[in-house]
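1. Sequence first, predicted model second:
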Amino acid sequence: MIKKALIKSILLLTLLGLILSVLNPIFILKEGHRNKLYQGLYEHQGDSLDVVFLGSSHMINSFNPNILWDKYGFTSFNYGTGGEPIDVTYYLLKEVLKFHDNPIVVIDLYYLGLTDEYGNEEYVRYVLDNMKMSVNKIDAIFHTTPSHNRLSFLLPILKYHGRWKELSEQDFKFDVFSTYYAKGYSAGENIYGKNNTFSNHTKETAEIPPKAKLYLDKIIELSKEEGFELIFTLAPHDYNSTLEIPSWHPEPAKMFNQVAEIAEDNNIPFINYNNLFDDLDFDFKTDMYNAGHMNIWGSNKINAHFGEFLHNNYHLPDHRKK
Amino acid sequence: MLFNSATFLMFFPFVSLVYFLIPHRVRWAWLLLSSYVFYMSWNPKYAILLATSTLITYASGILIAKANELRDREKATRMKKTWVALSLLSNLGILVLFKYIDFFGTNLIRLSLWLDLAIPIPNFNILLPIGISFYTFKALSYTIDVYRNDVEPETHLGRYALFVSFFPQLVAGPIEKSKTFLHQFQEEHFFDYTRVRDGLLLMLWGFFQKVVVADRLAILVNTVYNDPASYRGFAIVIATVFFALQIYCDFNSYSDIARGCAQVMGFRSSRNFGQPYLSRSIREFWANWHITLCSWFKDYLYIPLGGNRCSKLRSYFNIFVVFVVSGIWHGATINFLIWGGLHGLYRVGEDLLRPLKDKLVRLLNIRTETLSMNLFQGFLTFSLVCFAWIFFRANTFSEAVLLLNNMLYFNPEIFTRGLIFELGLDWKEFIVALLGIFIIILGNIMQRTKRFGFDISEYHIGFRWTIYVTAIVFILVFGIYGPDFDAQQFIYLQF
């Protein structure tokens, strides 16, 4: 009789699971990243991308797929999401690689500076809530979220059920139109108007926070296993802007010197744009949106440089000619 | 480990599954272990108190039985009385120490200040061990039952310890008596699909009452009662009516989940609630409210005091004492004392006024069995109960007085200007709250009249499963829980 009850329980739970899998996406908070990730992960499939960009908000306003297309005919997508910790980047990369064989993977490493074991829950949700259920997603939940939150990452309705009273038409459908042309990229038009306060350039190095280091190593390992090209970047920002954040590395300049060494040891290009201001004629006052992010003009300068870098160093086809 | 926590939703299926898979002779050990794990999830140290209470009452049972064997009857009676008194004193001593010491301390300090005496009175600031009032009463019932020869003393310490600590009933009842529950641990319970399913459905009903209704009503109640100076008139009336329903749903849900858990494993628990708010008198209300506690007081306090087999005056005194003690059982505050006292007065008043009522009914030729009369009596009873709830819920005595003062204010505009939706529940939440209340009342009426017999097992599997799944999804969507809210502690866990 226990067997019969067990079978019935499993059937009932499966039925419930199916219903919840329909309800979960309806209840998940629809913020900007949802459409973008859905487009990037589940609509752009079948080896259509030459280059994929991953990282935090610094990446969102770094590389513009439209410029790379217009100038060189490269296809790319910017998967950057706000506040994305490096461990989450690793799992998002694995998700991207499910649909794209060996694209060039470009990762902004700003978030290596996070010293906490887990990223901010809302930021992590930008990515994980918008990934379809898979072994990789479950793996990600167990490694990038604290244990007390895991159940609500597995079943987002437990987190968002209170939204029943604010559900609107938008919650029942996907509208990738708003992000379709931008391909994940966005940059603002504000002009920061202040100079970079950081001037203490140094050759010294400092340790990367342990969990960030672990996932940096995992990403490098993955590139070797899967055989894709990896490029590390660091977008322009004021290193002093994170000094007040308690869960941040106190000496990012030194830490990124360490990153440069690791990259060199592994033959991975690491473009730290903070060291290229003079070469690119980058004016912190007018090319930044705020202390941490570029505006559209700053971003254009970076894109011009990076497009040329790709063109000169990698044999990427010009898809415009097709 | 609250019943409405994710931990319990994993703990219970695991415990019950293992329970059925292991042989009967070791099941007591498994349940005992599980019960202590359950209890220690709050604070491991308090398990010492639980064990102490268990050991004292267990020993008292053995010693009373030994005394019973003495040939010298006089000595036997003396010994029995000694053991029962020692058990009562030590258990109640622990209860008083942990539950009331601060109350006495604070009031002694007040008194000494008033009398201008400089008596050094230490402030203990002891945390109340969860469920202590419940398991102490359960353990005491055993000592008294053995003393009265209502049960055989339990020689198996493990089984007895399980009776006291049985996890579904441990922290908020039902307060089972040893004569109705202890022997069930010797029975072998087989897995019975229908029984297990019905137990789970009872738990599901409990979860609905708790997370959809009680915790939603609590939002409005807390808004008003935690800031009594800011609200007047109907806002306080609504909050009080909502509290009446909240505490019923909250406590009844706990009892239902507890009964459901026990039923899954084959144990038959006592009902703790009938349909209290359909009562037409205070006497009827108390026959339907916290039944196991009332029954405990009746057996072990009211009847020993003489019950109603004495003079009228004395029996009223007995009733009053029982209600005052029941008030204090809830906690050491003036408000609980007043709440108990009010109900004592209601009960006595009801008895005293009965001849007058009967006279009026005869004189005016009123038909008593009409719907309107029932509604009138029901409304009157509910109003009296609600009035007493004000003292029960108010944070302090002065706040209760403030609420009563502020309530005497006629402000019907809160209904027309939508101000009612500014008490913590917006209009959508309010509708769900009212829908929840409607379902609860409908359930109560169905149980009371038994007119709409509804046995779910008679229906087609498709219909049954639709009901199950809809109920679970409804609770998941409309429940008040989750990372944005702290799981609301059941109100009765604090007593």
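-> That came in fine, so what should we check first? Numbers count the residues shown, from 1 in each chain, chains lettered A, B, ... in the order given.
2. Around chain A, which positions in the stretch 301-450 of chain B sit nearby?
-> Residues of the stretch 301-450 of chain B lying near chain A by Cβ under 8 Å from any Cβ of the partner chain: B:426, B:428-429. (C-beta placed from N, C-alpha, C; glycine too.)
3. Relative to chain A, which of the residues you listed is nearest.
-> Within those, distances to chain A taken as Cβ to the nearest Cβ reach their minimum at residue B:428, with 4.2 Å.
4. Residue A:165 is in contact with that closest one, correct?
-> Yes. Residue B:428 sits in contact with residue A:165 when judged by Cβ atoms under 8 Å, with a separation of 4.2 Å.
5. related to what we said a few turns ago, which of the residues of the stretch 301-450 of chain B next to chain A has the most neighbours?
-> Counting by other Cβ atoms under 10 Å in any protein chain shown, residue B:429 has the largest number of neighbours within those, with 19 neighbours.
6. quick one: contacts for it?
-> Shown in contact with residue B:429 (Cβ atoms under 8 Å, 6 or more residues apart in numbering or on different chains): A:165, B:216, B:219.
7. Just the element for the last one, please.
-> Residue B:219 belongs to helix B:215-225 when assigned by DSSP states H and E.
8. What ranges does the stretch 351-495 of chain B have for its helices?
-> Under the criterion DSSP state H, counting those that start in this stretch, the stretch 351-495 of chain B carries helices at the ranges B:371-393, B:397-407, B:413-416, B:427-449, B:461-478.
9. what's the burial count for residue B:367?
-> 8.
10. can you tell me how far it sits from chain A?
-> For residue B:367, the distance to chain A under the criterion Cβ to the nearest Cβ, to the nearest Å works out to 46 Å.
11. Count the neighbours of the residue lying closest to that residue once chain neighbours are set aside for me.
-> On the basis of Cβ to Cβ, 6 or more residues apart in numbering or on different chains, the spatially nearest residue to residue B:367 that is not a chain neighbour turns out to be residue B:373, at 6.7 Å. Burial of residue B:373 is recorded as 14 neighbouring residues (other Cβ under 10 Å).
12. And residue A:89, by the same measure?
-> 28.
13. Check residue A:91 too.
-> Counted by other Cβ under 10 Å, the residues lying close to residue A:91 total 21.
14. is it fair to say it lies in a helix?
-> Yes. Remark: residue A:91 belongs to a helix, assigned using DSSP: H, G, I helix; E, B strand; the rest coil.
15. what's near enough to touch it?
-> Contacts for residue A:91 (Cβ under 8 Å, 6+ apart) come out as A:127-128, A:131, A:136-137, A:139-140, A:143-144.
16. so how far is residue A:276 from it?
-> Per Cβ to Cβ, to the nearest Å, residue A:91 is found 30 Å from residue A:276.
17. ok, now residue A:247?
-> 28 Å.
18. cool, residue B:75 as well?
-> Taking Cβ to Cβ as the measure, residue B:75 and residue A:276 are separated by 101 Å.
19. Neighbour count for the two, which is higher?
-> In this view residue B:75 and residue A:276 are compared by other Cβ under 10 Å, and residue A:276 has more residues nearby, 15 against 11.
20. Am I right that the more buried one is in contact with residue A:270?
-> No. No contact is recorded between residue A:276 and residue A:270 when judged using Cβ under 8 Å, the distance being 11.8 Å.
21. Now the closest residue to chain B within the stretch 201-322 of chain A: closest residue in space that isn't a chain neighbour?
-> At 19.9 Å from chain B, residue A:247 is the closest residue in the stretch 201-322 of chain A, using Cβ to the nearest Cβ. Counting by Cβ to Cβ, 6+ apart, residue A:116 is the residue found nearest to residue A:247 once chain neighbours are left out, at 4.3 Å.
22. Contact partners for the closest residue to chain B within chain A?
-> Using Cβ to the nearest Cβ, residue A:165 is the residue of chain A that sits closest to chain B, at 4.2 Å. Listed by Cβ under 8 Å, 6+ apart, the contact set of residue A:165 reads B:426, B:428-429.
23. Save these as a markdown table, and put in pLDDT and distance to residue A:73 too.
-> Output for the contacts of residue A:165, formatted as a markdown table (pLDDT from 0 to 100; distance: Cβ to Cβ, whole Å):
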| residue | pLDDT | distance to residue A:73 |
| --- | --- | --- |
| B:426 | 94 | 54 |
| B:428 | 95 | 52 |
| B:429 | 96 | 55 |
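24. Would you mind measuring from whichever residue of the stretch 51-200 of chain B sits closest to chain A to residue B:23?
-> Closest to chain A within the stretch 51-200 of chain B is residue B:191: 5.1 Å, counting by Cβ to the nearest Cβ. For residue B:191, the distance to residue B:23 (Cβ to Cβ) stands at 13 Å.
25. so residue A:105 sits in a helix?
-> No. Residue state for residue A:105 (three-state DSSP) corresponds to strand; a helix is not indicated.
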